[in-house]
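A.B. asks: coords please:
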Amino acid sequence: MRRTAIFFLTVIPFLLTAQNIKQDIFIYDKKQMPISDINLYYIVSKDTIALKTDVHGKFTVQGKNNEVAKVVVNHHQYSYFEEEFKISPQPKSIFLEKVFSLDEITIKAKKQNISRAFGTTTLNIDDSPIFQNSTFKDAIMLIPEVNIVNENVKILGKNKTLYLINGRESNRNINDLLANQIEKIEVISNPSAKYQANYDSVINIVLKKNQNNGWYFNLNSNTYINRLTSYFNAVDVGVNFKKWSIESSVRYNFDNGLVFSNGWQNYQDKLEDYHTRFKVNKQYLETSTHINYNIGKNSNVGIDFSYGKYPKYNSISSSESKFNYFHTNENERIHSVSNSGVESQFINTSVYYNFSKEKNNLNMYVSYIRRNQDFNNNITSNRENIPLLNQNILSNNNSNTLIFNSDYEFKFNEKNKLDIGFRASNFKGKYHLNAIHFSTPLSSTLFDFTENIYSWYGIYKFNVQKLSFSTGLRYEYFNRDVIYNNAQKSKINQGNIFPSLYIGYKSENKNNALSFSYSKKIQRPNFNDITPFEYNVNYNTIFRGNPNLKNEFIHSVQMQYAYKSKLFLTTHYNYYQNYIEQVTTFENNNLVWFPTNYKVNNLGTSLMYNFSAVKNKLKLYNKLTVEYNENIGNVNDVSLNTSLWQWNLYLAQVYSINKKTGISLITNYYSPQLSDFYKIRQGLRTDIKLSTKLFKDRVEASVRINDVFNTYFNELKGNYNGFESFRYSDFSTRSVIFSLRYHFHSGKKVKSKPIHIDNSEEENRTNK
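C.D. replies: Residues are numbered from 1 along each chain as shown. You can find the predicted model right below:
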């Protein structure tokens, strides 16, 4: 009897498990409403069975008790659902999350912020906290090749950068653009023969476009508070309808600055100890309009118009100098005031046409740029109420530039492309300088200035297995006519050839990319450098032009390596023949500024590594740049032979507290920098920003503190032929910035369920 009981206790559960049973499963939405007529898949014992729910959202499955089965629901109106379970007689419920239908879904690719392809490094600007209420300069510092030295953008030692907006020249104030107005920034650190030879680097800013069929509005307001208060405001308005799109922007800035400087200057017979106070007040108005019409699927035409004006631009520099004479040990004090006013405006109009179909791509535009500037500078110097200098400088400058540019690309196949183009530019300027109470025949001049540049280029691109090649050649014919005081002074006609070469390699898994590039460029002296006039900057400092300046030629070589759009390494060498630089010399116990030529060797390495941590809430951008500069030449029979290793460290840490709020911590340090006879030293600077989104993400607000620890300074030391100098400047970089952005879209909105795809490898592979 006992054995029989044991047998039944063992076998009966097995029989119950082995027999087929039925189970009812119900599918509901999040509101617990049944979902009927939905197709699904039931997987059991390696069999896949297609089923459909009834009017009650029910379907019935069959299998062995406790057998593992799976339900898969892949319906376009609901989130993908997949679940394993054990079959049992008890009913089961499944809840699905509703999404939008396919015609309402937009696929949004999650791009890496930084990518590199064919010599172009691209920064994609998104809604990351580091970009919220940031400026163009804040954003571009994330690009590996870029540094900002003394408020100037520097690209791997290069000095002349071509700025483009949507691929075309523009006179708009680039530095005033905000990151939320920009879709992406493209940097070419060693541009090919396609670009003008008088630029050794290129920055192309692609502005954001309205993606909705209707209106959009974007308001930016920034308040800077340090010693003084400044305001920067911008409004963007646009509309899309059918084939038309119209976008307009208006900006008005109230910019105030105050700088204090202390220093000393050694002369032949005396030592000057000075204190300077420099104050600037300027207002800037800018408006721009972009109109685009899509002719069809393959072509579009449009017009860009921009206008900018400084209604007010005044600066006052006052200095107190104490002189100690070496031989007599006597002291004297001199008080100087320089009061400047500028009225400046520009008009920039461009008409463009683009065509792209299969193997053919054509881009053409015509631009007209007009600039007017009136400059009034008054300098007074007194020695114990005895006048030493009372000089007034009046300057009136007008210029007109007309540009035609055409680029055509033909694709023989996926591996072979030919790019050819033609460009013509005509520049006419009229410059009048009048220096009153300045006893020199060069103090008053009148220049009529005409420059014409005609250029042709050809670039052939081809692939050999994993290698990509691009060989280019550009020819430029340059013509310059200068009429000095209504009499012909000089005429220049010259032609130059500028080659370029690019070789790229990508590993089979697309994780590693290596490239080599070479280019030759030219920097022609501008009219300010070659005109022979001179005038006082203050009572003992004179600016003088140099009509004997030569053309500057630049030979650039770069090696670049990228790994997974995270690690970027660039090694560069730039050789400058007849480098053009404004230097300071001594003449009759006065300081004389004038441009001259000398030779420069510049080599260096830029390393950037970006990564995420803490479940992608923390992003870190780390950049180290090391450079060696060597200056060799002769300035007024004084040997120039200076060299220096210099480096820069940039660290940006961005922590997303949640989807709406983030903190950015940015640290920047520059070692001493070299500039002809001078070394410039700067202090460590750390900025912190808190940003958040409000009111359904329509409002972005942020507070930023610059130079949190008040450690930044600017110090200059010089030694010209034994005459030493020192200057310490306080720019009051510690400041608080309050920023607010409000934006909305109207019209038909496209509801979206973003599908994030990391396509960074494809970005690296695809030719721009």
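A.B. asks: for burial, what's the neighbour tally of residue 179?
C.D. replies: Using other C-beta atoms under 10 Å, residue 179 is surrounded by 22 other residues. C-betas here are computed from N, CA, C, even on glycine.
A.B. asks: typo on my end, it should be residue 645
C.D. replies: Neighbours of residue 645 (other C-beta under 10 Å): 12.
A.B. asks: now it, nearest residue through space, not along the chain?
C.D. replies: The shortest distance from residue 645 to any non-neighbouring residue, by C-beta to C-beta, 6 or more residues apart in numbering, is to residue 628 (5.3 Å).
A.B. asks: also residue 665?
C.D. replies: Excluding its sequence neighbours, the residue lying closest to residue 665 (C-beta to C-beta, 6+ apart) is residue 653, at 4.6 Å.
A.B. asks: next one: residue 331
C.D. replies: Using C-beta to C-beta, 6+ apart, the nearest residue to residue 331 is residue 324, at 5.5 Å.
A.B. asks: ok, so what distance separates that neighbour from residue 122?
C.D. replies: Look at residue 324 and residue 122: by C-beta to C-beta, to the nearest Å, they are 57 Å apart.
A.B. asks: between these two, which is the more surrounded one?
C.D. replies: In this view residue 324 and residue 122 are compared by other C-beta under 10 Å, and residue 122 has more residues nearby, 21 against 14.
A.B. asks: quickly list what that one is bridged to.
C.D. replies: Assessed by DSSP bridges, residue 122 has beta-bridge partners residue 115, residue 186.
A.B. asks: that one and residue 562, how far apart?
C.D. replies: Using C-beta to C-beta, one gets 12 Å for the distance from residue 122 to residue 562.
A.B. asks: what is in contact with those two at once?
C.D. replies: Both residue 122 and residue 562 are in contact with residue 116, where contact means C-beta atoms under 8 Å, 6 or more residues apart in numbering.
A.B. asks: just the strands in the stretch 51-200 of the chain please.
C.D. replies: Using DSSP state E, counting those that start in this stretch, the strands of the stretch 51-200 of the chain run over residues 58-64, 68-73, 81-86, 92-96, 109-110, 114-117, 120-124, 146-149, 152-155, 161-165, 168-169, 182-188.
A.B. asks: going by mean pLDDT, which of the ones you listed comes out lowest?
C.D. replies: Among those, strand 109-110 carries the lowest mean pLDDT, at a mean of 46.
A.B. asks: and the pLDDT at residue 549?
C.D. replies: As predicted, residue 549 sits at a pLDDT of 89.
A.B. asks: correction: the previous question concerned residue 758.
C.D. replies: Here, the pLDDT recorded for residue 758 equals 37.
A.B. asks: cool, and residue 281?
C.D. replies: Residue 281 carries a pLDDT score of 92 in this model.
A.B. asks: got a list of what it touches?
C.D. replies: Neighbour list for residue 281: 255-256, 312-315 [criterion: C-beta under 8 Å, 6+ apart].
A.B. asks: try it again at 6 Å.
C.D. replies: Residue 281 makes contact with 256, 314 under the criterion C-beta atoms under 6 Å, 6 or more residues apart in numbering.
A.B. asks: what of residue 161?
C.D. replies: Residue 161 neighbours (C-beta under 6 Å, 6+ apart): 201, 203.
A.B. asks: give me the beta-bridge partners of it?
C.D. replies: Legend: beta-bridge partners of residue 161 under DSSP bridges are residue 201.
A.B. asks: with adjacent residues omitted, what lies nearest to the residue most central in space within the chain?
C.D. replies: In the chain, the centroid-proximal residue (C-alpha atoms, centre = their mean) is residue 140; its distance is 3.6 Å. With C-beta to C-beta, 6+ apart as the criterion, residue 140 has its nearest non-adjacent residue at 5.2 Å, and that residue is residue 146.
A.B. asks: okay, now that neighbour: neighbour count?
C.D. replies: For residue 146, the neighbour count with other C-beta under 10 Å is 27.
A.B. asks: run through the bridge partners of it.
C.D. replies: Beta-bridge partners of residue 146, counted by DSSP bridges, are residue 155.
A.B. asks: how close does it get to residue 606?
C.D. replies: Here residue 146 is placed at a distance of 9 Å from residue 606 (C-beta to C-beta).
A.B. asks: now the helices: where do they sit in the protein?
C.D. replies: Secondary structure of the chain (DSSP state H): helices at 2-18, 136-140, 527-530, 760-765.
A.B. asks: beta partners of residue 702?
C.D. replies: In this entry, residue 702 is beta-bridged to residue 691, residue 739, by DSSP bridges.
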